[in-house]
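Novice: Dropping the sequence and predicted coords here.
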Amino acid sequence: MPKKRQKSLEFRASQVGKCPVLLALEKMNADMEPVPLIVQRIMEEGSKREDDVVAWLETKIDSVDSRQQETLWPLGSYTITGHIDGVALVTSDDQLEDSEGEPILPGSYLLEIKVLGEQRRQILREKGLAGFPQYRMQLASYWAGLNQGDPDSGLECLEPGLLPGALYVVQEWSNPDRIEVRQFSREYMDKMVFCVADELMSRLAEVEYMLRGDGWDEKYQDPGPLGCGDCPARYQCFPELRPEKVPSGDNLFNTLEEYRQAHAVEKAAASQKKACQALFQTVMEERGTAKLLLADESVSLSEQTRTNLSYAKLPADLQRMVTPYVTESNFTQVRVNLRKGGLS
Ligand code: SF4
């Protein structure tokens, strides 16, 4: 007869490293901002890319199994659940290497896939998972969940001896062909779990204090390297930044419409000015003149050079430093001198 599990606070491995205030507010079902459409699209694209990375891996190793297998890590009075990206089975016939050129030895590895932009890949290269505390807690939670699996949970539990370590496979967001594999040994992963367990226990205790107390407390705010900008709880934490929703029918909508029209006129005028300048330039080049007089107004052509960096006001030593990055390009300026002071 299975033992009855004592009800504990449950967190997702992919979320557990987030700001404790956010975790508490989520548990309280606080009013949150919806995930922006662009972030939703990125997430959808990320899961499609995961399939591509698995397909790539399967051209190099025997197979990827146990995709989305559930994990469960009972951590003190908390439970951390998750779904792993898979288990990578490497055989002695396979020739997969990690990003350092070291071979991946045969065995079944916990597999974690990430699709990261260049900036994040750079952080990963320089600092490893220490640069991404949230990812580190996620991976440690999967590892602990797979290895310690709760016999009463009914989840399939992999034999610890079967896992020589974890593979962290990173695909570059803007260049899907660029995929690098990092391997973490069993010893490294066990040590990671040991360190993360303490860290998580104190973070989750903070969440628990907030849930038991009067609500969230700003002293537990820990936005992490990504800051609060996209956090769904940003207006809970910073109500002064919450935008005021203007009701439909308000006069401000008329002002907005006027602005929209002015903007359209401005765009059309700019495009019209460019067309006139181009015509003046063509005619003047055909006639071989650099200046036209039209009554007391004039049009002139002059050769100009522009640089991609405006560095004229920099101190001399800084100018020398940026000089290699400055490029120059030539262009012809068409100057129309209008009578009432309008120069363009
Ligand atoms: S807005 Fe910032 S401080 Fe508040 S919950 Fe989100 S990440 Fe934490």
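Specialist: Structure received.

Novice: Just list whatever residues bridge to the residue nearest to residue 10 when sequence neighbours are not counted.
Specialist: Spatial nearest neighbour of residue 10, chain neighbours left out: residue 79 (4.7 Å); criterion: CB to CB, 6 or more residues apart in numbering. Every residue, glycine included, has its C-beta placed from N, CA and C. Counting by DSSP bridges, residue 79 is bridged to residue 10, residue 74.

Novice: My guess is residue 79 contacts residue 9. True?
Specialist: Yes - using CB atoms under 8 Å, residue 79 makes contact with residue 9 at a distance of 7.2 Å.

Novice: what's the residue nearest to residue 10 in contact with, if anything?
Specialist: With contact set as CB atoms under 8 Å, 6 or more residues apart in numbering, residue 79 has these partners: 8, 9, 10, 11, 72, 73.

Novice: and if we set it to 7 Å?
Specialist: Neighbouring residues of residue 79 by CB atoms under 7 Å, 6 or more residues apart in numbering: 8, 10, 72.

Novice: With the ligand as the reference, measure out to the first one.
Specialist: Which is residue 8. 22 Å (CB to the nearest ligand atom, to the nearest Å).

Novice: Helix or strand: which one has residue 47?
Specialist: helix 37-58 (DSSP states H and E).

Novice: show me the contacts for residue 183.
Specialist: Contacts of residue 183 (CB under 7 Å, 6+ apart): 98, 104, 165, 167.

Novice: please redo it, this time with the cut-off set to 10 Å
Specialist: Applying CB atoms under 10 Å, 6 or more residues apart in numbering, we find residue 183 in contact with 90, 96-100, 102-105, 109, 164-169.

Novice: Using ChimeraX, define a selection of the buried residues within the contacts of residue 79.
Specialist: Here is the ChimeraX command that picks out the buried ones among these, judged by 16 or more other CB atoms under 10 Å:
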select :72
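
Novice: Mind giving me the packing neighbours of the longest helix along the chain?
Specialist: Longest helix of the chain, by residue count under DSSP state H: helix 252-287. Applying 3 or more CB pairs under 10 Å, 6 or more residues apart in numbering; DSSP states H and E, we find helix 252-287 packed against strand 291-294, strand 297-307, strand 328-337.

Novice: Could you dump the ones you listed into a markdown table with distance to residue 179, mean pLDDT and mean neighbour count added?
Specialist: Output for these, formatted as a markdown table (distance: least, CB to CB, whole Å; pLDDT from 0 to 100; neighbours: other CB atoms under 10 Å):
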| stretch | distance to residue 179 | mean pLDDT | mean neighbour count |
| --- | --- | --- | --- |
| strand 291-294 | 60 | 94 | 12 |
| strand 297-307 | 38 | 90 | 13 |
| strand 328-337 | 37 | 88 | 13 |
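
Novice: Give me every residue in the stretch 101-250 of the chain lying close to the ligand.
Specialist: The stretch 101-250 of the chain comes close to the ligand at residues 221, 223, 228, 231, 233, 234, 237, as judged by CB under 6 Å from any ligand atom.

Novice: Pull out the buried positions in the longest helix of the chain.
Specialist: Buried-residue list, helix 252-287, by 16+ other CB under 10 Å: 277, 280, 284.
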